[in-house]
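Trainee: Sequence below, structure please.
(one chain, ligands or ions: 1)
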Amino acid sequence: MNSRQAIFLLAVFGALAVALVSLYVLGGQQSQMQDGKVSVVATFYPLAYMAQEIGGDHVLVRSLIPYNTEVHSWQPSVSDMIALTNAELIVLNGAGLEPWFNEKVLPSLNLSRTVVLDTTEGLELLALGEGEPEAYEHDHGGEYDPHTWISPYMAGKQAERIYSALVEVDPSHSEYYKARWDTLKAKLDSLDARYQQELANKSRSEIIVSHGAYGYLCSRYGFEQRSVIGLTADKQPSVQELRALVDFMVEHNISVLYVDPAYSPSYINTLKGELESQTGMAVKILKLYLALGPVDGKDYLDQLASNLENLESGLLAG
Ligand SMILES: [Zn+2]
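Mentor: Here you go, the predicted structure:
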């Protein structure tokens with residue numbers, strides 16, 4: 001960096017610091033003025049959904065990461081930093097999904113009046129690559145598979161933490177939160193039971209997916225995933241790797257490919273084309289939602305239920 005660049009950067013950071021300090025002062029007044037509702041900032045859709053389901057009329061929930069966008073490489077803007085400053089409760093996924101929180105938010109914001117909840121802290125987490133037979137290289141700092149929310153079982157544990165945090169922040173409405181948490185818990189428990197029952201008779205044990213985000217489904221319900229773009233969604237597969245996947249599918253008689261609408265289907269389409277021309281069989285592409293936002297008219301829980309149906313199509317097929 002030369003000295004002109006250094007001066008420019010200093011000026012930018014200086015202006016940012018002034019903006020943040022003045023917004024912090026304003027923010028202190030604002031958070032008292034939201035009709036008595038608890039201001040909750042969740043990092044992304046599934047956590048915002050849970051907070052809204054449990055908090056109902058007594059919370060004002062904001063999701064930081066826009067719906068249906070890539071979560072692994074996201075970075076907060078200045079307006080996101082303001083929202084974080086004003087929050088009474090910040091809800092994180094944890095498990096390495098939000099490296100920017102420790103890197104950027106904690107050092108630059110005073111969150112002394114804010115409850116910061118890491119919803120996966122202390123939960124039994126999978127190591128990176130544990131859901132896949134071959135560990136993929138990744139350049140992210142994390143050591144865990146962060147995609148906990150896709151499993152109704154893990155999601156139940158995370159939602160329970162959100163319930164407890166809401167009671168801590170706003171004890172005067174604890175009975176209201178309890179009733180709503182009981183309702184959400186019943187839905188998640190019933191989904192978990194359905195996954196167990198309906199996948200118990202599966203005739204296959206592998207799925208082929210674009211982004212390897214389904215490790216927590218694999219480990220709980222007893223199958224494996226092979227992915228095209230890896231666990232952090234930033235891998236470019238080589239021709240050899242794509243060929244190896246095609247060979248694997250031929251060998252295991254697999255004719256279903258899974259993709260989430262948030263990611264490009266281009267590699268999956270390549271695989272489908274290769275496989276169909278090699279074997280002559282029709283290959284189906286089915287959706288396996290990452291639940292990063294409402295899509296196809298389905299909310300978070302609808303998407304988890306739809307995932308079960310599509311997994312049955314791939315794993316129970318003869
Ligand atoms: Zn992911």
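Trainee: State whether residue 307 is indeed within a helix.
Mentor: Yes: per DSSP: H, G, I helix; E, B strand; the rest coil, residue 307 lies within a helix segment.
Trainee: Quick one: neighbours of it, just the number.
Mentor: Here the number of neighbours of residue 307 (other CB atoms under 10 Å) works out to 25. From N, CA and C alone the C-beta is placed, and that goes for glycine too.
Trainee: Residue 196 too?
Mentor: Residue 196: 14 neighbours (other CB under 10 Å).
Trainee: ok, now which ones touch it?
Mentor: Contacts here follow CB atoms under 8 Å, 6 or more residues apart in numbering; on that basis residue 196 touches 220-221.
Trainee: chain center to whichever strand or helix holds it, what's the gap?
Mentor: Element membership for residue 196, per DSSP states H and E: helix 174-198. Chain-centre distance of helix 174-198: 19 Å, with CA atoms, centre = their mean, to the nearest Å.
Trainee: Flag every buried residue along that helix.
Mentor: In terms of neighbour count (16 or more other CB atoms under 10 Å), helix 174-198 has its buried residues at 176-177, 180-181, 184, 187-188, 191-192, 195, 198.
Trainee: residue ranges of the helices in the stretch 151-300 of the chain, please?
Mentor: 152-169, 174-198, 215-221, 239-251, 266-279, 300-315 (DSSP state H, counting those that start in this stretch).
Trainee: Same list (these) but as JSON lines, adding distance to residue 54 and mean pLDDT.
Mentor: As requested, the helices of the stretch 151-300 of the chain are exported to JSON lines (distance: least, CB to CB, whole Å; pLDDT from 0 to 100):
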{"stretch": "helix 152-169", "distance to residue 54": "5", "mean pLDDT": "98"}
{"stretch": "helix 174-198", "distance to residue 54": "5", "mean pLDDT": "98"}
{"stretch": "helix 215-221", "distance to residue 54": "21", "mean pLDDT": "96"}
{"stretch": "helix 239-251", "distance to residue 54": "40", "mean pLDDT": "90"}
{"stretch": "helix 266-279", "distance to residue 54": "36", "mean pLDDT": "91"}
{"stretch": "helix 300-315", "distance to residue 54": "13", "mean pLDDT": "97"}
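Trainee: Same list, those, but as CSV with distance to residue 50 please.
Mentor: Listed next are these as CSV, based on distance: least, CB to CB, whole Å:
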stretch, distance to residue 50
helix 152-169, 4
helix 174-198, 7
helix 215-221, 16
helix 239-251, 34
helix 266-279, 29
helix 300-315, 8
